[in-house]
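K.L.:
What shape does this take:
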Amino acid sequence: MRRNIAVLASGSGTNAENIIRYFREKDSARVALVLTNRQNAFVLERAKRLGVPCVWFAKSDWESGELVLSTLREYEIDFVVLAGFLARVPDNILHAYPNKMINIHPSLLPKFGGKGMYGDRVHEAVIASGERESGITIHYTNEHYDEGGIICQQKCPVLPGDTPEELAQRIHRLEYEYYPKVIEGLV
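P.N.:
Predicted structure coming up:
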């Protein structure tokens, strides 16, 4: 039976697009829905262009979670994937998807995680700290930012003189390669 995946994203949606494309030809699962908390998030355009239903919810809807949860149920979502989603997931949604909701973080957790640590902020902190490696962490989502059980980590070097943008490029390559494969293994 083909599983239905929902992708939650807040930004441009490159990871969401990569995941949608990956599952297009798979029998195991498909991206059936994209949800966002930002009305002007470019992920909405990407999803529409790829024929995936997408819905924007206002901040108040995310805080209560009821309308979001009913939409997930309406689309018969089996598994939830966070891909650059920059809001806290309400407890009622977390409890509806125990061990069926994952996130990707652009560092080797537990380092450089937590509220407010995303995107270039993470890469800047990694470089400023003098770390020699960084990477991605794919983990289960729980009530605390970036503290769910770790599923997978992949590493890349931090090179002398790296800019946050250069490090981000290596991180994105890891995300695009590994995130869809890990999702497929879990669904």
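
K.L.:
buried set for the least confident helix or strand in the chain by mean pLDDT?
P.N.:
In the chain, no helix or strand scores lower on mean pLDDT, DSSP states H and E than helix 59-64, which sits at a mean of 93. Across helix 59-64, burial judged by 16 or more other Cβ atoms under 10 Å covers 61, 62. For the C-beta atoms, the positions are set from N, CA and C on the backbone; glycine is no exception.

K.L.:
And it, what does it pack against?
P.N.:
If you count contacts as 3 or more Cβ pairs under 8 Å, 6 or more residues apart in numbering; DSSP states H and E, helix 59-64 packs onto helix 66-74.

K.L.:
what are the ranges of the helices in this protein?
P.N.:
Ranges of helices within the chain are 14-23, 43-49, 59-64, 66-74, 91-96, 120-129, 164-186, based on DSSP state H.

K.L.:
Roughly how far does the residue nearest in space to the middle of the chain sit from residue 163?
P.N.:
The chain has residue 83 as the residue nearest its centroid, 1.9 Å off, counting by Cα atoms, centre = their mean. According to Cβ to Cβ, to the nearest Å, residue 83 and residue 163 sit 24 Å apart.

K.L.:
Number of residues surrounding residue 155?
P.N.:
Residue 155: 12 surrounding residues under other Cβ atoms under 10 Å.

K.L.:
Apart from its neighbours in sequence, what residue is nearest it?
P.N.:
Using Cβ to Cβ, 6 or more residues apart in numbering and skipping residues adjacent in sequence, the residue nearest residue 155 is residue 135, 4.0 Å away.

K.L.:
Please report the distance of that neighbour from residue 165.
P.N.:
Residue 135 is 17 Å from residue 165, by Cβ to Cβ.

K.L.:
Looking at those two, which is more packed in?
P.N.:
Each of residue 135 and residue 165 has its neighbours counted (other Cβ under 10 Å); residue 135 has more, 22 against 9.
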